[in-house]
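Trainee: Curious how this folds, go ahead:
(2 chains)
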Amino acid sequence: MKMVMPKMGMTMEEGTIADWKKREGEFVEKGEIILEIMTNKVNIEVEAPASGYLKILREVDDVVPVGEIIAFIEGEAQEATGRAEIHRGEEEVPWKEQEPIPVEPEREVVKISAQEERIPASPRARKAADDHGVLLKNVRGTGPDGAVTEGDVLAYVGKQKSQEAFESGSFSVSPLAERIAREKGVDLSRVRGTGLDGKITKEDVLRHFEEKHIEGRERPALPEERKEWEEKPGIEREWEQEKPRIKKPSEIELEQAIERPEMKPEPVVQPLPSPQPVSRTAEPADVAEEPMAHGEEPIRHEVKGKTIPLAGIRKLTAERMSRSKREAPHLTLGMDVDMTEAGNLKSSLAVTYTDILVKAVALALRTHPQLNSTLMENKIVLRDTINIGVAVARGEDLLVPVIHRADTLSLKKISQVTADIIERTRKDQLTEQDVLDGTFTISNLGMYNIDFFTPIINPPEAAILGVGRISPRPVVMKNRIEIREVATLSLSFDHRIVNGVPAALFLKEVRNLLEHPYKLLMEEGP
Amino acid sequence: MITILGGGPGGYTAAIRAAQLGAEVTLIEREEVGGTCLNWGCVPSKVFLKGSKMYSQLKFAESYGVFAKPSPFDMKRLGERKDEAKQALVMGLKNVLRSYGVNIVHGEGRMVDEHTVARPGGNIDCEKIILATGCQPEVPHLFQELSVTYKEVFQLQYLPRSVLVVHGGVFAVEMAWFFLELGSQVTMVAGNLLEKDFEDIETRIASYLKNRGVKFVQGRIASIKKQGEQKLVEIGEEEIIAEELIWMNRKPVLEGIPQRLVKNGRVAVNEYMQTAIPTVYAVGDITGSYTAGDAMAQGVVAAEHAAGNAVAYDYKTVPKVLYAPEAAVIGLTEREASERYDVVKGNFPYGASGRAQTVGALRGRVTVLADRKYGEILGAHIVGKGASELIQLIGFAMRLEATIDELSSLLCAHPTMVEMIRDAGLDIHGNAFNLPRK
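Mentor: Residues are numbered from 1 along each chain as shown, chains lettered A, B, ... in the order given. The predicted model follows:
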C-alpha cells in the first residue's frame, strides 16, 4: 500500500518529513503513529493507513509535495528490502527452501538484476563508491526512491572494513564504539584503540571522526577550563563547584578538535545528506536579496566558518521567504501613527499594543477585503474570514500563530487568545490548528527598538503590516508642537493583487482606528 | 621507590598495585592499616547494620511463620562481632601487603620535599610519593566534649534511646538507619541529606527515613547543654533532646602537605591523580571524595601512572552505594545526562519482580539512562534490596561500553533480582517482559 504526503490544510503544498517513528522494515499497525510531518512550522503526527512492513522512500528533512509517495506498507512476503541479495547468494541452503512462498524471492531477484543497470545514486555517492572501490549495487540506499547516498557508501565501507578486520582478528572494539563507527561511517581499521589491549573505545572513534572532519573548520578558542589545564599541569579538579570532571587521556589529545565528545556526541558539521544539496531552493535567476537566501554553488566552496545545517524551521523559512520575494512584487508604504490614545486604552483595559493592533487591522480588513485575499493562478480570492497571524520569535526561529476570525472577537477576547497563543508558541506547544489559514500577518519589532522595516509577505497572503517602536516624538497639533507617542507602520503588499491607492486607504483606516481606539470597543461583535 | 603516606583503601590499593608492577614500596600508617574503611567506617558500619537488620527483621518474620521475641539489644556483643570482622580483615590485608614485599612502617610520616619523606627513625628518599592521608572527625571545639564522633559511635557500650545525627551523606544516613531499626528515636540535622551523585533518589530516601520516624531539622547548632543523662541541643528555633549526639562531619588530613598542593581545602589532582608536583600523587579522601570505592580506583590509577602506565581515572563508572536504606547510583544523574545527551529512560519497579516478591522486597525501583541515538548507557540509579550489588552489573556494562541493547539481551536465571536490570533496559523501548504493554 502506498503512503503519500497528506494534505493537512488548505494552503499546504508540501511537507517536510520531521521524524520517522518506525524503522525501515519494521512492522507497523494500522492507526499507529509512524511519522511526523512538519508543515507551516508545526509538526503533525501521521498514522499508518494499514498494517504491514514499512518501506521508507523519503528520508527525514526531505521536502515532499502533497500527494507524492513517501513510503510503502507491504504485506509479509515483501517485508525486507535487502533480502533479495541474501536469497540470491544462499539459494542452495536447505532451510531456505522451506520458505512458504518460493515465488517471492524469485521476483525480487529479477527486480534487483534489473536495477543493476541503473542504480539510483547521488553524484557524491558515485564518487565515494569509486574512491573506495565499492560496487553500488551492494550498497543499500536510504535516499529518495532508495537512491544510494554518500553516507550509505561510507557506512558500507566502514562496515566492510570492520568486518574484515574482525575476521582477521587484528583489533577489538566495544559495542558502543562499533555502533557509533557504523553510523558515522568511520573505518575502524584506521582507529587507534586506547582501551584494554588496544581495544577501540567510543572516545577513540569520536576522536578519529573529529580529526577527519577538522579540515575546513576554523579552530575556535579553547574552552577556558582547558587553557587552565595547559598552563598548570597537575592542577585541574575543582571539587567545590561541581562534580569532578576528570579528563580522559584521549580528551587531552583532542586539543585540536572543536568540541569535546563528552559534551556533545554529535559534531556540528554533519556530512551533508547528498541527494538534496542545499541549492534546491536557490534558483539561478533569483537575486539573493534576503539574508537567509543561501549562497549559490560557486560561493559555497569559499565560505569558511561554522556551519549550521539548513534544516527544519530554518529551511522552511528560507524557502517561503525566497518564494514570496520571487513571486510577489512587494511594495511597502510607511505611515506615522499617533499611539497616545491607544496607550491610554492599553493601560485602562490591561491589554497589549499587539491586541489593539490585531483588532484595528481586523476591522480595517473588513472594509478593505483586497488586502485579505489570496492570488490563485488567474483569480483573486477574497477570503471569507479574517485570520490575523502574529509573528512570534521562539529562540532563533520565527513562528506565526494565527488568531482566527479576529474581527468577530472583542478586544478582551483577542487579548486572552493572543496571550495564550504566544505563551504556547514560546513553550513549543502549538498545534496545527494554531498556524493554519492565516489571511494577514502583523510583525512587531518595536520592542527591539526598530523604527521602520520592510516586512516580507507571508505567502499566500496579500499583505503584511510591520510595526515599529512607539516613542515620544514632537508632533504639530493645531499649530503647536506637542510630544506624542508615535509609531511608524509599514505595510508591504502584493502589487499583483492591490494597487498603491487602496493599500494607502487601508493603512489610513488602520491609523484612524488606532488614533481613535474607542471605536474598537464600539464595533465589537459581528 | 614509591612511598605511600596512609594505609587506608587508597593507600593500600596503591601499594599493592605498585608492588605488582615491580616497584619497591614503603607504606607509612600512623594508626591502623585499613584506614577509616576497615576500622571506623565501611566495615564496622556494615556489621552494625547486619545486627540491626536481624533485630528488625524479627518483626517481619511472623508473616513467614517465624515467631520469636527479641531480647534487649546487646551493643557490647555487636561491638565484639564488629571487632572480629575488622581484625580478620586487617590481618588478611597485612598478609597481602607483606606477600608483595611492601614495607609497612608504623608511625607518623611527613612529606619533606618532593623526593623525601620523614618518618620515625630517619628520612626516606623516594622517586614518587603517593599521599593517601585520609580524613578525620571534624567537630567544633566547643561541642567536642558532649558529642560522639563517627569513630566513637562504634565504641558505644549501650543502645541510646534517642540520637541526633549531625551532617548528611551516606555514612550519616546509614548510622541513622541503624538506630532506627533498633527502635531509637532519630533526629537528623543536615543541609543535604546525601551527596550530589544521589540527587535522583534523594527525595525517595528522605521519604523512607521520614516514614520510619526520622525527624529532620534544618539550621545551625547554637548550643549543647547537658540535662541529666541527656543533651539539650538548640538548633535555630528548635530544641532537641537526645541521649547521644553523633557528629558525622569529616575533614581531609592535610597536616604536613605543602600548601601549594591544596586548593579549596583539598589536594588538587589531574586525571592521573598527579598533584601540582608531578612526582607527588594524591588519592582518596584528601582529593575530596569520601568513598572507599573512589579511593581504591584512584589508588590503582596513581600506582599505574607512577610506574609509567597512563591509565586515567574514570569517575563515572565507579558506583556509589548507600547500604541502608539500600540504594546505589552510577554514571551521570538525569540532570547531567540531559544536559549533554538526548536521554531515554527505562524503569522497573521492584513490585513487578518475581524475586523481589518472594523475599518481600516490594519497595524499590531500577532506573537506567541511555543515549537515544547510540544506546550508550549513561547512568543508573537503583533503590531497593540488593541495589549495592545490582549496580555493579551496570558498571561492568559501562566499562565494556556495552550499549543498552547488550544490557537488555542479558539471559538470567529466574527468579532473580538481576532480571530487573534487563527489564529496565528493555523498558526504554516499552518491551519489558514483566511490565504491561505501554
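
Trainee: So the residue in the stretch 51-200 of chain B that chain A sits nearest to versus B:Ser289, what's the distance?
Mentor: Proximity to chain A, evaluated over the stretch 51-200 of chain B using C-beta to the nearest C-beta, is greatest for B:Lys196 at 5.8 Å. Using the backbone N, CA and C atoms, a C-beta is placed for each residue, glycine as well. Applying C-beta to C-beta, to the nearest Å, the value for B:Lys196 to B:Ser289 is 11 Å.

Trainee: Compare these two (neighbour count), which wins?
Mentor: Legend: neighbour count by other C-beta atoms under 10 Å in any protein chain shown for B:Lys196 and B:Ser289, higher for B:Ser289 (25 against 12).

Trainee: how much space is there between the more buried one and chain A?
Mentor: Distance, B:Ser289 to chain A, by C-beta to the nearest C-beta, to the nearest Å: 8 Å.

Trainee: helix/strand/coil for that residue?
Mentor: B:Ser289 falls in the coil class when you classify it by DSSP: H, G, I helix; E, B strand; the rest coil.

Trainee: Please look at it and B:Ala295 and confirm they touch.
Mentor: Yes - assessed by C-beta atoms under 8 Å, B:Ser289 is found in contact with B:Ala295 at 7.5 Å.

Trainee: Contacts only, for A:Leu365.
Mentor: When contacts are counted by C-beta atoms under 8 Å, 6 or more residues apart in numbering or on different chains, A:Leu365 is found next to A:371-372, A:386, A:407, A:439-440, A:506.

Trainee: now do 6 Å
Mentor: The contact partners of A:Leu365, taken as C-beta atoms under 6 Å, 6 or more residues apart in numbering or on different chains, are A:371-372, A:386.

Trainee: State the number of residues packed around the residue of the stretch 151-300 of chain B found nearest chain A.
Mentor: Of all residues in the stretch 151-300 of chain B, B:Gly288 sits closest to chain A, with a separation of 3.8 Å (C-beta to the nearest C-beta). When neighbours are defined as other C-beta under 10 Å, B:Gly288 has 21 of them.

Trainee: domains of chain A?
Mentor: In the domain annotation for chain A, the residue ranges read A:2-120, A:121-233+A:247-276, A:328-522 (automatic domain parsing).

Trainee: could those be laid out in JSON lines, adding mean pLDDT?
Mentor: Formatted as JSON lines, the entries for the domains of chain A read as follows, by pLDDT from 0 to 100:
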{"stretch": "domain A:2-120", "mean pLDDT": "67"}
{"stretch": "domain A:121-233+A:247-276", "mean pLDDT": "66"}
{"stretch": "domain A:328-522", "mean pLDDT": "90"}
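
Trainee: how about those, which one is nearest B:Leu38?
Mentor: Nearest to B:Leu38, of all those, is domain A:121-233+A:247-276, at 29.6 Å by C-beta to C-beta.

Trainee: Spatially central residue in the chain, please.
Mentor: Going with chain A. A:Gly312 (0.8 Å; C-alpha atoms, centre = their mean).

Trainee: Chain B was what I was after
Mentor: Centre of chain B computed as the mean C-alpha position; nearest residue by C-alpha atoms, centre = their mean is B:Thr291, 4.3 Å away.

Trainee: ok, for that one, nearest residue in space, not its chain neighbours?
Mentor: B:Lys320 (6.2 Å; C-beta to C-beta, 6 or more residues apart in numbering or on different chains).

Trainee: Show me the domain layout of chain B.
Mentor: Structural domains of chain B, as assigned by automatic domain parsing, span the residue ranges B:2-135+B:251-316, B:141-248, B:326-427.

Trainee: Identify the spatial nearest neighbour of the residue nearest to the centre of chain A, chain neighbours not counted.
Mentor: Nearest in space to A:Gly312, with sequence neighbours left out and distances taken as C-beta to C-beta, 6+ apart, is A:Met38 at 7.0 Å.

Trainee: Return the list of strands paired to the strand or helix carrying the one you found, each annotated with direction.
Mentor: In this structure, A:Met38 sits in strand A:33-39 according to DSSP states H and E. Strands flanking strand A:33-39 in the sheet, each with its direction: strand A:14-20 (antiparallel), strand A:42-47 (antiparallel) (DSSP bridges).

Trainee: Next up, phi/psi of the closest residue to B:Val47 other than its chain neighbours, please.
Mentor: Residue nearest to B:Val47 in three dimensions, not counting chain neighbours: B:Lys82, with 4.2 Å by C-beta to C-beta, 6+ apart. With angles defined as degrees, to the nearest 10, B:Lys82 shows backbone torsions of phi -60, psi -40.

Trainee: B:Lys82 reaches B:Ser45, doesn't it?
Mentor: No - look at B:Lys82 against B:Ser45 with C-beta atoms under 6 Å: they stay out of range, at 8.9 Å.

Trainee: which one of the two has more residues nearby?
Mentor: Using other C-beta under 10 Å as the criterion, B:Lys82 and B:Ser45 rank with B:Ser45 on top: 23 against 20.

Trainee: Export only the CA atoms of the helix or strand harbouring that one, formatted as CSV.
Mentor: Taking DSSP H and E as the criterion, the element that holds B:Ser45 is helix B:42-61. Listed next in CSV are the C-alpha coordinates belonging to helix B:42-61 (Å, rounded to 0.1, in the frame of the first residue of the first chain):
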residue,chain,number,x,y,z
CYS,B,42,32.6,0.9,55.9
VAL,B,43,33.3,-2.4,57.7
PRO,B,44,32.1,-1.6,61.2
SER,B,45,29.0,0.1,59.9
LYS,B,46,28.1,-2.8,57.7
VAL,B,47,28.5,-5.2,60.7
PHE,B,48,26.3,-2.9,62.8
LEU,B,49,23.7,-2.7,60.0
LYS,B,50,23.6,-6.5,59.8
GLY,B,51,22.9,-6.6,63.6
SER,B,52,20.1,-4.0,63.4
LYS,B,53,18.6,-5.7,60.3
MET,B,54,18.4,-9.1,62.0
TYR,B,55,16.8,-7.4,65.0
SER,B,56,14.2,-5.5,63.0
GLN,B,57,13.5,-8.5,60.8
LEU,B,58,12.1,-10.4,63.7
LYS,B,59,9.0,-8.3,63.3
PHE,B,60,8.6,-9.3,59.6
ALA,B,61,9.4,-12.9,60.3
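
Trainee: That helix - contacts with which helices or strands?
Mentor: Contact analysis of helix B:42-61 by 3 or more C-beta pairs under 6 Å, 6 or more residues apart in numbering or on different chains; DSSP states H and E lists helix B:75-99, helix B:170-181 as its packing neighbours.

Trainee: Now do B:Asn95 against B:Thr13, distance only.
Mentor: From B:Asn95 over to B:Thr13 (counting by C-beta to C-beta), the distance is 15 Å.

Trainee: Just the closest residue of chain A to chain B, please.
Mentor: Using C-beta to the nearest C-beta, the single residue of chain A nearest to chain B is A:Ser174, 3.2 Å away.

Trainee: contacting residues for that residue?
Mentor: A:201, B:401.

Trainee: neighbours around A:Thr367, how many?
Mentor: 10.

Trainee: For it, which non-adjacent residue is closest in space?
Mentor: Distances taken as C-beta to C-beta, 6+ apart put A:Glu509 closest to A:Thr367, at 6.5 Å, once the chain neighbours are dropped.

Trainee: count of residues packed around the one you found?
Mentor: 19.

Trainee: Helix or strand: which one has it?
Mentor: Following DSSP H and E, the helix or strand that holds A:Glu509 is helix A:500-515.
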